[in-house]
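> quick one, structure for this:
(chains A and B)
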Amino acid sequence: MSSTDNPPMPEIQLEPGALRHLAEAQVNVELDTGDMILNLGPQHPATHGTLRLVVRLDGERVVSADPVIGYMHRGYEKLAEYRTYPQITTLVNRIDWLSSFANEVPFVDAAERLMCVEAPPRAQYIRTVLTELSRISTFYLFLGEMALQVGALTPAFYGFRDREYVLNLIEGATGGRFHPNFNRIGGLKDDLPWGWISETREVMKKMLDGCDEFEDLVAGNEIFQARTRSIGIVPGELGAAYGMSGSNLRASGVDWDLRRDGRPYLVYPELDFKVWTHPDGDSYARYWVRLQETRESCRMVLQLLDQMPSGPITAKVPRIIKVPAGEVWTEVENPLGQMGYYVVSKGATGPFRVKIRSASFSNVSIMPWLLRGVYVPDVITILASLYFILGDIDR
Amino acid sequence: MPDEPTEETAGEEEIAEPELLTDEQAALLAVFEAELGGGVIEHADAFGTLVVRIRPDSWRRSAEIAKTKLHCDYLSFVSGIDWQPMVAPRSNDDGGNDTSAPVQPTEMTFGTAGSAGRFQVFAHVQSTSRHHGVTLKTDVDADMPTAESWTSVYPGADWHERECAEMFGIGFSGHPNLRKLYLPAEFEGHPLRKDFALLAREVKPWPGLVDVEAMPGDDSPAEDGSG
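Coordinates of the predicted model:
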């Protein structure tokens, strides 16, 4: 670990059991070095929830890895068919529970588009601010926790501590730390409280400083780089074909961000921001890209607060919301990647079918390919760097 | 439902549709029509997204075209849909006070770009370089529900198709390993089919008005619920 050079990519050519005769010759007894099966999880601190990973090992090297999911499957697509549109925002809150507000936005957007209703500008701005705040809080947890997975304890506390400032802001505006349920079809539940904007400005400065701290403490750390550089490389093309999205894909050099490149939504077209990419595609690149994106989000929040218009926060919508028949696909750039809803309406008060496209599901489906041939300790850093939320996989 | 009379009406719509498409959508559609010929049954615009309905025997080919000819390198999702009307929760039958549950139409109607029967598989692919996307649909026979697998084109279709298979009971020919993804191996039934009742609603009616407290100054006591 003292070397700062990039360690070479592990060679995958080694066949399972290839070292067998070598071991037999050395020990000169009947020694079976056949594959060992290791169960990681369902309850394991490195899996961020109830993910089970069945890993077949040849010595320290992974021969195959098979993720077993579904321990937290709550059947939201089925439940959504039995609920009305306003009730469903409560459900979608709990898909990716670290950025609940960001989950609500595309669903509400889908209903609004089907109804041909548009939220007023102030509501759009507040939605954008809260979406970016969700992104900052989600990424702050990652920035700290990723360091924890390679053995550094301190940054994890910094991550948790600073994230709390942002959660306090979200709580101040919406009433809920994790599950705001703040969006309404046609606008928002409430306006911002007094003093919230100036407090947010203060916190954003603090968060920008915190990013510098992470850059020095973690990203610039020799040991961290040795553990993450050239580990878990995802080629951009393959990542896209697997449906990997968001920061994970941008860390593989794919310059694609739905805030800039997708169908225009919220007030992103009016914002000035940079989309960060990294050509390497390894665990380090994923950390680096998220670090830069956290900074960018802080700057975006400051921009938004400067431009915040006044006015109403809800459009005129009927008391009982009936959505005309039709189909709509909405997609947004969530902190973890592309989040989308394919909503089929038949003109009732509830949807006929909701397909929930969550980011982590596809991000994790690349794991059998990605983990083949890596060493056991690297499994943990790769899992951490992909950054998934179990609720976002299982839905 | 093989003999649905939707085919004729679909033909009429086709004449009115093309002017609704943007230039970009028309260009995408033209590639599909040129490559697949009769493989494209119908198309429509769904709030800015091009929806193309593909013949079942051209399903895998359509993915190849999207990936190679249209630069759609990114697979968003593959999923299924059951167009049959939902069985109403039993608690609704007695006309109880369940006003919260959505009441869906009782006859089978199809969505954008139509359908030949009860089941459909649909997918969305996108281009990370050209920034366009297209939704593709194909019909699945209700008696022998199978569709062609996309795993050889998009490796990410693996899990999506496994999910679709367990939730709708739709098989995917050419899929390497179509075991259950979320559900336990011994689970019976296909939960996202419309005739699979949501057990929670059968056992206990949705409270509906029961939860509503009386407003301050309102003399009439709150509804005492269904029992």
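
> where exactly do the helices run in chain B?
For chain B, applying DSSP state H gives helices covering B:6-16, B:23-36, B:59-68, B:90-93, B:157-168, B:199-203.

> residues contacting the closest residue to chain A within chain B?
Taking C-beta to the nearest C-beta, chain A has its nearest neighbour within chain B at B:Pro102, 2.6 Å off. Every C-beta, even on glycine, is put in place using the N, C-alpha and C of the backbone. Going by C-beta atoms under 8 Å, 6 or more residues apart in numbering or on different chains, B:Pro102 touches A:82-84, A:348-351.

> my read is A:Gly340 is in a helix, agree?
No: counting by DSSP: H, G, I helix; E, B strand; the rest coil, A:Gly340 falls outside a helix, being strand.

> need the residues of the stretch 201-350 of chain A near chain B, please.
For the stretch 201-350 of chain A, the contact set with chain B under C-beta under 8 Å from any C-beta of the partner chain comprises A:237-238, A:240-245, A:249, A:254-256, A:261-263, A:325-329, A:331, A:338, A:340, A:342, A:344, A:346-350.

> are any of the residues you listed buried, and which?
Buried residues within these, counting neighbours by 16 or more other C-beta atoms under 10 Å in any protein chain shown: A:238, A:240-245, A:249, A:254, A:256, A:261-263, A:326-329, A:331, A:338, A:340, A:342, A:344, A:346, A:348-350.

> grab the most central residue of chain B for me.
Note on chain B: the residue nearest the mean C-alpha position is B:Ile81, at 3.0 Å, using C-alpha atoms, centre = their mean.

> pLDDT below threshold where in chain B?
Within chain B, the stretches falling below the threshold (pLDDT under 70) are B:1-19, B:88-101, B:204-214, B:218-227.

> now do chain A
Within chain A, the segments meeting pLDDT under 70 span A:1-33, A:44-48.

> OK, contacts around the spatially closest residue to A:Pro120 that is not a sequence neighbour?
Excluding the flanking residues, the one nearest A:Pro120 by C-beta to C-beta, 6 or more residues apart in numbering or on different chains is A:Pro312, at 5.0 Å. A:Pro312 makes contact with A:120, A:122-123, A:187, according to C-beta under 8 Å, 6+ apart.

> mind listing which of the residues you listed are in strands?
Judged by DSSP state E, those include A:Gly187 as members of strands.

> determine which two of the contacts of A:Pro312 are furthest apart.
Greatest spacing in the contacts of A:Pro312, by C-beta to C-beta: A:Arg122 and A:Gly187 (8.6 Å).

> looking at the two, which is more packed in?
With neighbours defined as other C-beta atoms under 10 Å in any protein chain shown, A:Arg122 and A:Gly187 compare such that A:Gly187 has more, 25 against 19.

> now do that one against A:Met339, distance only.
Using C-beta to C-beta, to the nearest Å, A:Gly187 is found at 20 Å from A:Met339.

> go on, A:Ser230?
Using C-beta to C-beta, A:Ser230 is found at 30 Å from A:Met339.

> between these two, who's got more neighbours?
Neighbours of A:Ser230 and A:Met339, each counted by other C-beta under 10 Å, are more numerous for A:Met339; the result is 29 against 18.

> please, which helix or strand holds the residue nearest to A:Ser362 when sequence neighbours are not counted?
Once flanking residues are discounted, A:Ser362 sits nearest to A:Gly243: 3.3 Å by C-beta to C-beta, 6+ apart. Per DSSP states H and E: A:Gly243 is located in neither a helix nor a strand.

> residues in contact with A:Gly243?
Contact analysis of A:Gly243 by C-beta under 8 Å, 6+ apart lists A:362-363, A:365, B:74-77, B:154, B:156, B:160.

> can I get those in a markdown table including neighbour count and distance to A:Arg113?
Below are the contacts of A:Gly243 laid out as a markdown table (neighbours: other C-beta atoms under 10 Å in any protein chain shown; distance: C-beta to C-beta, whole Å):
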| residue | neighbour count | distance to A:Arg113 |
| --- | --- | --- |
| A:Ser362 | 28 | 24 |
| A:Asn363 | 28 | 26 |
| A:Ser365 | 25 | 29 |
| B:Tyr74 | 28 | 22 |
| B:Leu75 | 27 | 23 |
| B:Ser76 | 25 | 18 |
| B:Phe77 | 26 | 19 |
| B:Tyr154 | 27 | 27 |
| B:Gly156 | 27 | 26 |
| B:His160 | 27 | 24 |
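
> okay, and which of the residues you listed map to strands?
Per DSSP E, strands hold the following members of these: B:74-77.

> from chain B, how far off is A:Val376?
Distance, A:Val376 to chain B, by C-beta to the nearest C-beta, to the nearest Å: 24 Å.

> so who does that residue touch?
A:Val376 touches A:38, A:55, A:57, A:60-62, counting by C-beta under 8 Å, 6+ apart.

> which one of these is nearest to A:Gly70?
For these, the nearest to A:Gly70 is A:Val55 (17.9 Å; C-beta to C-beta).

> the closest one: neighbour count?
When neighbours are counted by other C-beta under 10 Å, A:Val55 registers 20.

> what's the first helix or strand after the helix or strand where it lies?
Using DSSP H and E, the element containing A:Val55 is strand A:52-58. Note on strand A:52-58: by DSSP H and E, the next helix or strand toward the C-terminus is strand A:61-68.

> list the buried residues of that next one.
A:61-65, A:67-68.

> who touches it?
A:10, A:14, A:16, A:35, A:42, A:51-57, A:364-365, A:367-368, A:371-376, A:379.

> could you dump it to CSV, C-alpha only?
Output in CSV follows, covering the C-alpha atoms of strand A:61-68 (Å, rounded to 0.1, in the frame of the first residue of the first chain):
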residue,chain,number,x,y,z
ARG,A,61,-9.9,-13.7,-6.2
VAL,A,62,-13.6,-13.5,-7.2
VAL,A,63,-14.5,-16.1,-9.8
SER,A,64,-18.2,-15.0,-10.0
ALA,A,65,-20.5,-12.8,-8.0
ASP,A,66,-24.2,-13.1,-8.0
PRO,A,67,-26.3,-10.3,-6.3
VAL,A,68,-29.4,-11.5,-4.7
